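Fold the following for me, if possible:
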Amino acid sequence: MSEPNRRLSPEEYLALDRQSELKHEFLDGEIFAMTGASLQHNRIVRNVGGILYSQLLGRPCEVFIGDMRLRIDATGLYTYPDVVAVCGEPQLVAGAELDTLLNPTLIVEVLSPSTEAYDRGKKFAHYRTIESLAEVVLISQEQVEVERYSRQPEGGWLLLEANRLEDCLPLPAIGCELPLAAVYERVFGENT
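Model (predicted):
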């Protein structure tokens, strides 16, 4: 007779994830391996990280790309957003590793066909519980389409869409902007 699958503690998950070559999400005692990303996905993440990095130089905000683990206190989800910006002092899970962020100001997710429903649905629901979070940006890798969701004073989220390469999406929470031509540089061809 086999034992039922044992649920892991957050500490056990962190120990495993830190030793693994793969990244994993964690929720309710279960770990979920994250899949690799396409060339287009990687280019968009690189482009967005570079755009934000250059605009945030010398300011009290900083950007992290891909490898900064995020813990969502209200739901217990541990995940790796594609791009995260933090304004003010980063708050991290206690411990020597300093690798798990608690207080993002902005989260950017690049949508892929296999993760889009999750990123727009359950994952976005987790993100909305983060008190420090002011904006979420969802970027399509299939077409020129960027959505910015901004937290409103009453708690709702307001959508602003951009879908032309000449558009420039403001990110007021961090005082930056995303020019779509730069976001999609080399994504759909050499000059796009």
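
List the contacts of Tyr78.
By CB atoms under 8 Å, 6 or more residues apart in numbering, the contact set of Tyr78 is Pro10, Tyr13, Leu14, Asp17, Glu25, Phe26, Leu27, Arg69, Leu70, Arg71, Ile72, Thr100. Heads up, the C-betas are built off the backbone N, CA and C, glycines and all.

And the residue nearest the centre of the protein?
When the chain is reduced to its mean C-alpha position, the closest residue under CA atoms, centre = their mean turns out to be Pro81, at 2.5 Å.

ok, back up a step: hmm, which of the contacts of Tyr78 are the buried ones?
Buried members of these, counted by 16 or more other CB atoms under 10 Å: Tyr13, Leu14, Asp17, Glu25, Phe26, Leu27, Arg69, Leu70, Arg71, Ile72, Thr100.

Let me know the secondary structure of the closest residue in space to Val63 that isn't next to it in sequence.
Closest residue to Val63 apart from its sequence neighbours, by CB to CB, 6 or more residues apart in numbering: Leu52 at 4.3 Å. Following DSSP: H, G, I helix; E, B strand; the rest coil, the label given to Leu52 is helix.

quick one, what contacts Leu52?
Counting by CB under 8 Å, 6+ apart, the residues that Leu52 touches are Val63, Val83, Ala85, Leu171, Ile174, Cys176, Leu178.
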